[in-house]
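Asks: 3D, please:
(chains A and B)
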Amino acid sequence: METIWFFLWTLLWAVYFILDGFDLGMGTLMPAISKSDMDRRIIFNAQGPFWDGNEVWLITAGGVTFAAFPNAYAVLFSALYAPLLILLFCLIFRAVALEFRNKIENPKWKAVCDLGLFLGSFAPALLLGVAFANLFMGIPIDQNGVYHGNLFMLLNPYGLAGGVLFVLMFCYHGALWLELKSEGELQARALKAARIIWPLLLAMVLVFLALSGVYTDMYERIAQHPVVWSFLTLAVVGLLATRLALGSSTLGAFVGSAVFILGLTFFGVFGMYPGIILSSIDPAYSVTIFNGASSPLTLKIMLGVTLAAVPVVLVYQAWVFWTFRHKVTEEAINNDSHAY
Amino acid sequence: MDLVLLSRLQFAMTVFFHFVFVPLTLGLSVLLAIMETMYVRTGNEEYKRMVKFWGKLFLINFVLGVVTGITLEFQFGTNWSRYSAFVGDIFGSLLAIEATVAFFLESTFIAVWAFGWERVSKKMHCFAIWMVAIAGNISALWIILANGFMQNPVGYVMRNGRAELDDFFAVLTNPYAWGEYFHTVSSAWMLGGFFVLGVAAWHLARKNEVSLFTKAVKIAAPFTLIMALLVAVAGHHQGMNVAKLQPAKMAAMESHWTTQKNAPMYVFVWPDQEEGRNAIEALPIPGMMSWIAFGDANAEVKGLSDFPKEDIPPVLPTFLTFRFMVAMGGLFIFVAAWAWWRRKDIASDKYLSKILPWMIPVPYVVIMAGWTVAEVGRQPWIVYNLMRTSDAVSPVPAESVLFSFLAFLGIYTLLGVLDIWLLRKFARKGPEPANPAEEA
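Replies: Alright, predicted model coming up:
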């Protein structure tokens, strides 16, 4: 049961990364890829109907951590106090930038919102990467789950490598999404960005996997559960497939990129199995999915709720993606009074 | 500074700020759904412009509700980690269910509604706003079931050093939570009603779009009156729940010190918690408190003096906010009835058309007072009679909390200013002019 929940927990994070990843990636790329106000408006509107629904996956991941692994939730969120609150502040900036940019006709305000979107995208991408890398490595918690560290200890080489990896991963994903949603020059620039980022991403994946051998005990743990290697295989297949599809079908490349994110998330998180928060002070202090889980009754009820509700969510979210499948054009923006 | 105090201040501030946006979302979404249904049924473009006008205000409000809500969900972990570990088995699952069954629905359909005017059919568009309204109000139910567990813990068993779920059905049918839910939701709907009335009255007094705004008043006035009455009914019912389940809170709400039968209610009271009595007590209404608390003028009401000193909530804030809330409840019924009586021509009543715009902020303040009664009155417990607030806090450095408190304060102040400024700007601007081609 705990393992099922660990799987679902990982899945929620992976879906969040896949969905909000393209929003975060586009926001991060925006300063580099946009040349005019209309370019930026297209980038804003390319995430318009989606970002809010995507962000709910983060909320659900947080809520499920609380429900299924309350001890992990308690230890993790108080340990990562500062980075987590910075992440939330950045997400506030992003939402405000998205919703209010077009509500005030003032170039300075628009510049502020553009900066808000960039920071509100780049910083969460980086922080999520830093946080997960540190989790893989273990954080200094004692037997009572009290954290003995600070924000700067998280910014170690391995944590930073994780951050860079996430930023590149999301930027690549976002570039593909933008290619799908735009036309003309902006579309061409998005495709070019994807072509430039892919080799960097590949290199960063290799660096991260190598550093994982140095900084973490991931491979020792995986040796006991060799099935985890299949997740890495999935990630590699996705990463190669996305490059192969890049010239012919951007949608195919986007799917490949999603598969890559899915595989990589599962590989990294299951590299901690059965730990969920590893202690770098003493492995005995780690919170595992067994000593951190909720009671069997709660897990059972939550499983029922999740299995009933999440497929429905996927159906109506898919329907929204289908309804708003059209490209975001200058004409469409000018005709829509709600456009960002 | 003291870690517990800082953590409480931060939580109080962020939850109050979040609850600036929540009631309008709950109430206005229902009104928008009614307006849009009118549009679909009659085909009258005026209703469509009405929906778009209030819809714009709704969306400004909505996004801030979303982002300020996320910080709360994570704050249980960041600032109240011992509490989270203690009750996560129950409390956490209620929050998780809220996200999966309600918040997804709301966030997804709000996008369809905001961006879908030209993309989906009229009926589907109307369906979307109904989904937003229903999901929002279901969302509130799960959150209040979670809060209800803190107020009146049920369906749990103490095991492994924490409260574990024993009877899910008992958690779902917690009478305290349901009373709280109806009181909260009716007040939120009433707030939405006053919001529509206030904006409409402002424009009607200036003879803007008279036909459109009169139609809006005809929808909002009966709605507001019904809700104002329901708030009072649900509030009284909840008061009786409190009397039964949280006697210390009830005694603090009334500043009632000595256990007695046939307890009177005093019109003028000023509590003195140090001395354990009232400094001022005048104009008793015999048996009134017993009757309000238990529906029986002879019932015994337990006084604060009969509780251990460390279990008594801060009396003055609980008492004052409660009195204020009750008095304002009367005012709401009066003004809503007045607006309903003059609903066909608000502008002809120069007092009413001046008062209504000023009524917009009042329910906000009163709702905050209501939450103060509920949350301060529960102290010193975070989970009533089960866990003390001082035992619930995260082991994080007080300086971290001070920094985050100041950051929240700064960011939320800016957001608040921006929100009010934008709402005012778009509320005053009025609906987009009718498009002659569409009218034809």
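
Asks: What is the helix or strand harbouring B:Met328 packed up against?
Replies: Secondary structure assignment for B:Met328, by DSSP states H and E: helix B:315-341. Helices and strands touching helix B:315-341, by 3 or more Cβ pairs under 8 Å, 6 or more residues apart in numbering or on different chains; DSSP states H and E, are helix B:175-205, helix B:210-245, helix B:247-254, strand B:265-272, helix B:350-359, helix B:361-376. Every C-beta, even on glycine, is put in place using the N, C-alpha and C of the backbone.

Asks: centre of the chain versus that helix, how much separation?
Replies: Counting by Cα atoms, centre = their mean, to the nearest Å, helix B:315-341 is centred 14 Å from the centre of its parent chain.

Asks: Same check on stretch B:271-287?
Replies: With Cα atoms, centre = their mean as the basis, stretch B:271-287 stands 29 Å off its chain's centre.

Asks: circling back: got the angle for the helix holding B:Met328 vs strand B:265-272?
Replies: Relative orientation of helix B:315-341 versus strand B:265-272 (axes from the mean of the first three to the mean of the last three Cα atoms, to 10 degrees): 140 degrees.

Asks: Mind listing what's buried along helix B:315-341?
Replies: B:315, B:317-326, B:328-329, B:332-333, B:335-336, B:338-340 (16 or more other Cβ atoms under 10 Å in any protein chain shown).

Asks: what's the residue in the stretch 251-400 of chain B that chain A sits nearest to in contact with, if anything?
Replies: Using Cβ to the nearest Cβ, B:Ser394 is the residue of the stretch 251-400 of chain B that sits closest to chain A, at 3.9 Å. For B:Ser394, the contact set (Cβ atoms under 8 Å, 6 or more residues apart in numbering or on different chains) comprises A:74, A:78, A:81, B:7, B:77-82.

Asks: Closest one of those residues to A:Ala223?
Replies: Using Cβ to Cβ, A:Ala74 is the member of the contacts of B:Ser394 that sits closest to A:Ala223, with 30.4 Å.

Asks: any idea which element that closest one lies in?
Replies: Using DSSP H and E, A:Ala74 sits in helix A:70-79.

Asks: Mind checking the pLDDT average for that helix?
Replies: Mean per-residue pLDDT for helix A:70-79: 88.

Asks: ok, that helix near chain B or not?
Replies: Yes. Interface with chain B: helix A:70-79 contributes A:70-71, A:73-78 (Cβ under 8 Å from any Cβ of the partner chain).

Asks: So which elements touch that helix?
Replies: helix A:51-68, strand A:275-277, strand A:287-288, helix B:45-79, helix B:81-97.

Asks: So stretch A:94-111, near chain B or not?
Replies: Yes. Contact of stretch A:94-111 with chain B (Cβ under 8 Å from any Cβ) involves A:95-96, A:98-100, A:103-104.

Asks: are any of the residues you listed buried, and which?
Replies: Buried by 16+ other Cβ under 10 Å: A:95-96, A:98-100, A:103, out of the residues of stretch A:94-111 next to chain B.

Asks: any chance of these in JSON lines, with distance to B:Met35 and pLDDT too?
Replies: Output for these, formatted as JSON lines (distance: Cβ to Cβ, whole Å; pLDDT from 0 to 100):
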{"residue": "A:Ala95", "distance to B:Met35": "26", "pLDDT": "92"}
{"residue": "A:Val96", "distance to B:Met35": "27", "pLDDT": "91"}
{"residue": "A:Leu98", "distance to B:Met35": "26", "pLDDT": "90"}
{"residue": "A:Glu99", "distance to B:Met35": "22", "pLDDT": "89"}
{"residue": "A:Phe100", "distance to B:Met35": "24", "pLDDT": "89"}
{"residue": "A:Lys103", "distance to B:Met35": "22", "pLDDT": "87"}
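
Asks: With respect to A:Asp114, which of those residues is nearest?
Replies: A:Leu98 (10.9 Å).

Asks: which phi and psi does that closest one have?
Replies: Main-chain dihedrals, A:Leu98, degrees, to the nearest 10: phi -60, psi -50.

Asks: ok, the closest residue in space to B:Asp345 that isn't next to it in sequence - contacts?
Replies: Distances taken as Cβ to Cβ, 6 or more residues apart in numbering or on different chains put B:Thr214 closest to B:Asp345, at 7.4 Å, once the chain neighbours are dropped. B:Thr214 sits next to B:200, B:204, B:344-346 when contact means Cβ under 8 Å, 6+ apart.

Asks: Show me which residues of the helix or strand harbouring A:Val214 are buried.
Replies: Here A:Val214 sits within helix A:184-215, counting by DSSP H and E. Judged by neighbour count (16+ other Cβ under 10 Å), helix A:184-215 contains these buried residues: A:186-187, A:189-191, A:193-194, A:197-198, A:201-202, A:204-205, A:208-209, A:211-212, A:215.

Asks: Around B:Ile280, how many other residues sit close by?
Replies: 11 (other Cβ atoms under 10 Å in any protein chain shown).

Asks: And the residue of chain A closest to chain B?
Replies: Closest point on chain A to chain B, by Cβ to the nearest Cβ, is A:Pro70, at 2.2 Å.

Asks: Tell me how many other residues crowd that residue.
Replies: The tally of other residues near A:Pro70 (other Cβ under 10 Å) stands at 30.

Asks: Pull the contacting residues for the residue lying closest to B:Ile60 once chain neighbours are set aside.
Replies: Spatially, and ignoring its direct neighbours in sequence, B:Ile60 is nearest to B:Leu422 (5.2 Å; Cβ to Cβ, 6+ apart). By Cβ under 8 Å, 6+ apart, B:Leu422 lies in contact with A:100, A:103-104, B:60.

Asks: likewise A:Lys327?
Replies: A:Lys327 sits in contact with A:180-183, where contact means Cβ under 8 Å, 6+ apart.

Asks: so which of these comes closest to B:Val112?
Replies: Once Cβ to Cβ is applied, the member of these that ends up nearest B:Val112 is A:Lys181, at 17.4 Å.

Asks: In contact with the closest one, which residues are there?
Replies: Contacts of A:Lys181 (Cβ under 8 Å, 6+ apart): A:42, A:46, A:327-328.

Asks: what does A:Pro70 give?
Replies: A:292, A:294, B:84-85, B:87-89, B:92, B:162.

Asks: Most neighbours among those residues, which one?
Replies: Those, ranked by neighbours (other Cβ under 10 Å): first place B:Gly88, 32 neighbours.

Asks: The closest residue to A:Thr233 other than its chain neighbours: which element?
Replies: Nearest in space to A:Thr233, with sequence neighbours left out and distances taken as Cβ to Cβ, 6+ apart, is A:Gly263 at 7.4 Å. Using DSSP H and E, A:Gly263 sits within helix A:250-270.

Asks: Just the CA atoms of that helix, as PDB, please.
Replies: Output of helix A:250-270 as PDB, limited to C-alpha atoms (Å, rounded to 0.1, in the frame of the first residue of the first chain):
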ATOM      1  CA  THR A 250       6.800  19.100 -32.900                       C
ATOM      2  CA  LEU A 251       3.900  17.500 -31.200                       C
ATOM      3  CA  GLY A 252       5.800  14.200 -31.300                       C
ATOM      4  CA  ALA A 253       8.800  15.900 -29.900                       C
ATOM      5  CA  PHE A 254       6.600  17.400 -27.100                       C
ATOM      6  CA  VAL A 255       5.300  14.000 -26.200                       C
ATOM      7  CA  GLY A 256       8.900  12.700 -26.200                       C
ATOM      8  CA  SER A 257       9.900  15.400 -23.900                       C
ATOM      9  CA  ALA A 258       7.000  14.600 -21.600                       C
ATOM     10  CA  VAL A 259       8.100  11.000 -21.500                       C
ATOM     11  CA  PHE A 260      11.600  12.100 -20.700                       C
ATOM     12  CA  ILE A 261      10.400  14.200 -17.800                       C
ATOM     13  CA  LEU A 262       8.200  11.300 -16.500                       C
ATOM     14  CA  GLY A 263      11.000   8.800 -16.700                       C
ATOM     15  CA  LEU A 264      13.500  11.100 -15.100                       C
ATOM     16  CA  THR A 265      11.200  12.000 -12.200                       C
ATOM     17  CA  PHE A 266      10.400   8.400 -11.500                       C
ATOM     18  CA  PHE A 267      14.100   7.400 -11.800                       C
ATOM     19  CA  GLY A 268      15.200  10.100  -9.300                       C
ATOM     20  CA  VAL A 269      12.400   9.700  -6.800                       C
ATOM     21  CA  PHE A 270      12.500   5.900  -6.900                       C
END
